[in-house]
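Trainee: Here's my sequence, what's the structure:
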Amino acid sequence: MGIDRLYHQKQQDVLRRAMTQDYFMLINHGAKRSGKTVLDNDLFLYELQRTREHAFAAGISNPQYILAASDLGSVHRNVLNELTGKYGINFKFDKFNRFHLFGVQVCCFGHSKINDLGRIRGMTAWGAYINEASVSNVEVFDEIKSRCSGEGARILMDTNPADPAHWLKQDYIDKADGKTIVEIPWRLDDNTFLSERYRQEIKASTPSGMFYDRNINGAWVSADGVVYPDFDQSVHYISMDQVPLDEITRWFVGVDFGWEHYGVFVLIGKTEDNRYYLIHEWAAQHRHIQDWIDIGLKIKANLGCINFYCDAARPDLIQQLRVAELRALNARKDVMAGISEVARLYKQSRLFIVRENVKRFPDEIYSYVWKPGADEPIKTNDDVQDAIRYAIYSDLKYGR
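Mentor: As a prediction, this is how the structure comes out:
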């Protein structure tokens, strides 16, 4: 099988660089779906064989190698499962999350939390593969780097871009010298194995601004300005008589608890073809939980026992909703992932707001802005926006 059928041109260039020139760190960073992780997974296998040769030459019969991702689940999803599917490799683990391959003991770790640090300390590694490097805890990352002290050890990593002030960008990518640290940027269009039609669809459905710059162009850019730049009141505001009630197949509620700031319920309907309609918003300050329960019970009486996706920061109030026999669930609160999903729906004109049934939403949508230097919104005028995000992202992830 020719190499052109296995790797696109950018992958071939990086593969050739990695196999013919030495380095200490090779950082493949950039757009999603560009092919960088596919290549790194194959380079991981090459690095294990190279590790065996270097270690055996030094008289080490059981060299250790670090394989790390944001958590152990990601190690399997992003790396090992892909290699099993591609090459049929059967990874056999011991009780310490280690396996042997090509004469090397591969030690698997998470790297996103500080409690991962203690699992890595003390070992001597002959190399490391760090998947999703930008979500690493910086202390854990530094510990992995310091453990790679075996002769000829190299660190291979891939990551999607984040804020340009991120430590990985400033301390490593920006300081790459092409010898000790090699950084390779990737763009979606590098992946010529993707059809032109697919690439255009991805571009058309990716929200404008920061999400497009990072996910399509692979740029390390700041979140800036309004969170939802694709919201257009001439498109996304509709009247109640425009809602296709007979097409809605799922109903659910997003809940953001509040007292001094606004408490919020938002009722959202979803059609079979994934259009979303925010039918009604309830927002108030200083409203007691029993009043919210009464609203919930009226919703239940009209629509049945639907899901209420609630801010998990108030388990006491969630429990009171449950005692009242409302199906109250902890919302998925992944901020960037949730915002990305809502932003995508605005971009695709698949999320609509019934204008006459919302009061807080118009006050928030244009003042819901990014916090300077951080991948999160400023925590003011965000209550309805949070409830919408909780509802849509949670239902997408585990709605039943």
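Trainee: and the residue positioned nearest the centre of the chain, what element?
Mentor: By CA atoms, centre = their mean, the chain has its centre lying nearest to residue 337, at 5.4 Å. Taking DSSP states H and E as the criterion, residue 337 maps to helix 335-347.
Trainee: Now do the SS call for the residue of the chain most remote from its centre.
Mentor: Farthest-out residue of the chain from its mean C-alpha position, per CA atoms, centre = their mean: residue 59, at 41.8 Å. Remark: residue 59 carries the secondary structure label coil [criterion: DSSP: H, G, I helix; E, B strand; the rest coil].
Trainee: for residue 278, same thing?
Mentor: strand.
Trainee: Please name the residues that touch it.
Mentor: If you count contacts by CB atoms under 8 Å, 6 or more residues apart in numbering, residue 278 has them with 266-268, 351-354, 357-358, 361, 388. Heads up, the C-betas are built off the backbone N, CA and C, glycines and all.
Trainee: sorry, back to before: what about the following helix or strand past the helix holding residue 337, distance to the chain center?
Mentor: Going down the chain from helix 335-347, the next helix or strand is strand 351-354, by DSSP H and E. Relative to the chain's own centre, strand 351-354 is displaced by 25 Å; criterion: CA atoms, centre = their mean, to the nearest Å.
Trainee: Identify each buried residue in the helix-or-strand element of the chain with minimal mean pLDDT, please.
Mentor: Taking mean pLDDT, DSSP states H and E as the measure, the chain has helix 117-120 as its least confident helix or strand, at a mean of 84. Under the neighbour-count criterion of 16 or more other CB atoms under 10 Å, helix 117-120 has 117, 119-120 buried.
Trainee: Restricting to C-alpha, output that helix in CSV.
Mentor: Output in CSV follows, covering the C-alpha atoms of helix 117-120 (Å, rounded to 0.1, in the frame of the first residue of the first chain):
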residue,chain,number,x,y,z
LEU,A,117,1.2,14.2,40.0
GLY,A,118,1.9,11.6,42.7
ARG,A,119,1.4,8.7,40.3
ILE,A,120,4.2,9.9,38.1
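Trainee: other SSEs contacting it?
Mentor: When contacts are defined as 3 or more CB pairs under 8 Å, 6 or more residues apart in numbering; DSSP states H and E, helix 117-120 sits against helix 138-147.
Trainee: And the average pLDDT for the helix it packs on is what?
Mentor: Here helix 138-147 scores 95 as its mean pLDDT.
Trainee: And the contacts of it?
Mentor: Contacts for helix 138-147 (CB under 8 Å, 6+ apart): 66, 68, 109, 111-114, 116-117, 120-121, 123-125, 128, 130, 133, 136, 155, 167-168.
Trainee: This completes my enquiry, with thanks.
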